[in-house]
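Peer 1: Sequence plus predicted model, see below.
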Amino acid sequence: MTFNLFDSILISLALILPICYYLLAHRIVYPQPLPGIPYNQTASHRILGDIPDLVTSVRRTKETSSWCFSQCRRLKSPLFLRPFSKPFVFVDDARETEDMLLRRTREFDRAPSTAAFFRTVLPRASIVKPTDHEFKAQRRLWVDVMSPAFLRSVVAPNIYRSTLELVELWRLKSRVGGGGRPFEAHHDLETAAFDAIWVAVLGSELGGIRSEIEAILQTQQEYDDQGKPAHMPVAERSDLYEAIQYLNKSVERIMASPMPVLHHWLIRQTPTYRRYEAIKNKEIRRILKSAYARFKALELSSNLDSHSQEEANEQHQHDTCAMDLILRREMISSERRGTILPPPEENLEMQDELLMLLVAGHETTANTLSWFVKFMAHHPSSQDRLRQHLRAAFPSSNASSPPSAAEILSSTTCIPYLDATIAETNRLAATVPLIVRVTTVDTHILGFAVPKGTHVMCNSRVTEPYDDMDDSVNEEIGGEEVFDPGSLPVLAFSAGPRGCFGEKPPLPTTLTGRRLAMQELRMMIVLLTLSFRFLPLPESLSGMEGQQKVLRSPQQCHVKVEVL
């Protein structure tokens, strides 16, 4: 007996359809909720679970997490039902999240899904590793990079210089744009933050903002319509700048993909990726080789134990960037162990850790500052009050002589209203809206049983008031304002072993940690506020909607500045 193609298809369908019917009838292919935890009943009867509702919301709002946490409030800690996978558990309680991250660290760890996204780009960085001995050893090597002394003496001057260049650029844009014409701001904030983090980490200068200044100076353009934003010329970027930006954006593309590993493999096959990867590797290795040769010449590792404290401090002065400090520590450690430090081109772990800092460091700051300038334009009375406090703290400063980096960061310069402004900006911006963990044991969250291996998605946005909130946040002591940042949970930088630098214990997730981010925000907010008044914008340019990719940023970010 012979079968033609049509007969074969009929036979296949006759076999497959009953199996499909059986699976559907018995709900085997439907998402399975966890017992006792509230969930969307409609989603449990769909093969795709909650995904259709999420996709509809993202298309409308451009934000991923907002829909998920709106379900939290409606269902009181719901599940997100996914096809052919364990459900996600969402937590919208800041106190519970803080407890999980700080005090229940044995029950929660870095989620494999998060590590998978970054492993495609940074396979040897600490961000992709579980909280084990290897992770802790790698992180300890970088602890001193976030020490207050190193940040003030080495990092701060670089951030200060980049911020002054940004001020110069915006003064120029205000003049060229016809005196107060709105212009797009996020690109400039991103460029300035990238310039600052690059020189602070690697010691060389990218000159992104300087290139933007030169591009405008070389362009003669007049603007007649004051109601529309000025479209300023954008400078061409160096190959290295474009390479880092391309690799940075590739992480966003991978995270938005349903198959990130395959997606990144396909990206790696393209000529563009290969070219930018080669440019990045060549430049970072060149810088590493230069630092290696410099410290070899100084012979810092040969007799460190016999050095006096004065001599050790003198060595510290040779550290011009974070990479110098780390490389010197590795050389000293290698010498003490009697091992040979691998040459820079083979030290792939250090290269990935440096790239992680560069990729993660500038966009978080740029996005937070983008929200800050929008908040200031929307709340002119708060902006005026902040400026009054800054002028009182730095009475001798003026437009031509702004406060120095040392003055801004001095421990004796107490400005509670500035501290409160930075904290509120971080809270409302929610630049990192999700904190993702995986349960390492069977545990409980908000009284619900959660099995081992469950992904837990925590809301970092602290938006709800607490009945037991300490009123000292608004208290005056001896006629002076006092700001207490501990009155509400602070989740902008996560917390615990996988939190950023400055948390306890000091084993951060990213090199850009809390101390560096807060120093950068403080310096840039002070200098921008003293240099400009952020004026209200037309309704068409002042929307407060966000968009979420890897991070959360404003959908639009324009400024209209009055030079002070």
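Peer 2: Received the coordinates, thanks.
Peer 1: And the helix or strand containing Arg533, what does it pack against?
Peer 2: Element membership of Arg533 [criterion: DSSP states H and E] is strand 532-534. Packing contacts for strand 532-534, counted by 3 or more CB pairs under 8 Å, 6 or more residues apart in numbering; DSSP states H and E, involve helix 156-176, helix 348-378, helix 380-393, strand 561-563. No exception for glycine: its C-beta is placed from N, CA and C like everyone else's.
Peer 1: Can you give the distance of that strand from its chain's centre?
Peer 2: Remark: strand 532-534 is offset 26 Å from the chain centroid, using CA atoms, centre = their mean, to the nearest Å.
Peer 1: Pull up the pairing partners for the helix or strand following that strand, direction included.
Peer 2: Using DSSP H and E, the helix or strand that follows strand 532-534 in sequence is strand 546-548. Strand pairing for strand 546-548, using DSSP bridges, gives strand 552-554 (antiparallel).
Peer 1: The partner strand - what's its average pLDDT?
Peer 2: The average pLDDT within strand 552-554 is 89.
Peer 1: same question, stretch 387-397
Peer 2: In the prediction, stretch 387-397 has an average pLDDT of 92.
Peer 1: Quick check: buried residues in that stretch?
Peer 2: Within stretch 387-397, the residues scored as buried using 16 or more other CB atoms under 10 Å are Arg387, His389, Leu390, Ala393, Phe394, Ser397.
Peer 1: Please look at the second one and Tyr417 and confirm they touch.
Peer 2: Yep, that's His389 we're talking about. Yes - counting by CB atoms under 8 Å, His389 touches Tyr417, with 4.3 Å between them.
Peer 1: Would you map the helices across the stretch 1-150 of the chain?
Peer 2: 5-25, 51-61, 65-75, 94-103, 112-119, 133-140, 148-150 (DSSP state H, counting those that start in this stretch).
Peer 1: Equivalent analysis for the stretch 201-350 of the chain, please.
Peer 2: Per DSSP H, counting those that start in this stretch, the stretch 201-350 of the chain carries helices over the ranges 208-217, 239-255, 260-268, 271-298, 309-316, 322-337, 348-378.
Peer 1: least reliable of the ones you listed going by mean pLDDT?
Peer 2: Sorting those by mean pLDDT places helix 309-316 lowest, at a mean of 44.
Peer 1: so Pro87 makes contact with Phe80?
Peer 2: Yes - between Pro87 and Phe80 there is a contact under CB under 8 Å: 5.9 Å.
Peer 1: Now do the shared contacts for the two.
Peer 2: Overlap of the contact sets of Pro87 and Phe80 (by CB atoms under 8 Å, 6 or more residues apart in numbering) consists of Gly49.
Peer 1: coming back round to it: so can I have a markdown table of the helices and strands packed on strand 532-534 showing distance to Met457?
Peer 2: Formatted as a markdown table, those follow (distance: least, CB to CB, whole Å):
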| stretch | distance to Met457 |
| --- | --- |
| helix 156-176 | 33 |
| helix 348-378 | 19 |
| helix 380-393 | 32 |
| strand 561-563 | 38 |
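Peer 1: so which of these comes closest to Met100?
Peer 2: Counting by CB to CB, Met100 lies closest to helix 348-378 out of the helices and strands packed on strand 532-534; the figure is 22.0 Å.
Peer 1: Which positions within that closest one qualify as buried?
Peer 2: By neighbour count on 16+ other CB under 10 Å, the buried set for helix 348-378 is 349-377.
Peer 1: ok, now stretch 34-42?
Peer 2: For stretch 34-42, the neighbour count (16+ other CB under 10 Å) marks Leu34, Ile37, Tyr39, Asn40 as buried.
Peer 1: how long is stretch 37-53 from one end to the other?
Peer 2: Using CA to CA, to the nearest Å, the end-to-end distance of stretch 37-53 comes out at 19 Å.
Peer 1: Residues touching that stretch, excluding its own?
Peer 2: For stretch 37-53, the surrounding residues in contact (CB under 8 Å, 6+ apart) are 29-31, 33, 67, 71, 75-83, 87, 89, 448, 450.
Peer 1: Stretch 278-286 now?
Peer 2: In contact with stretch 278-286 (CB under 8 Å, 6+ apart) are residues Leu202, Asp239, Leu240, Ala243, Ile244, Leu247, Pro344, Glu345, Gln351, Leu354, Leu355.
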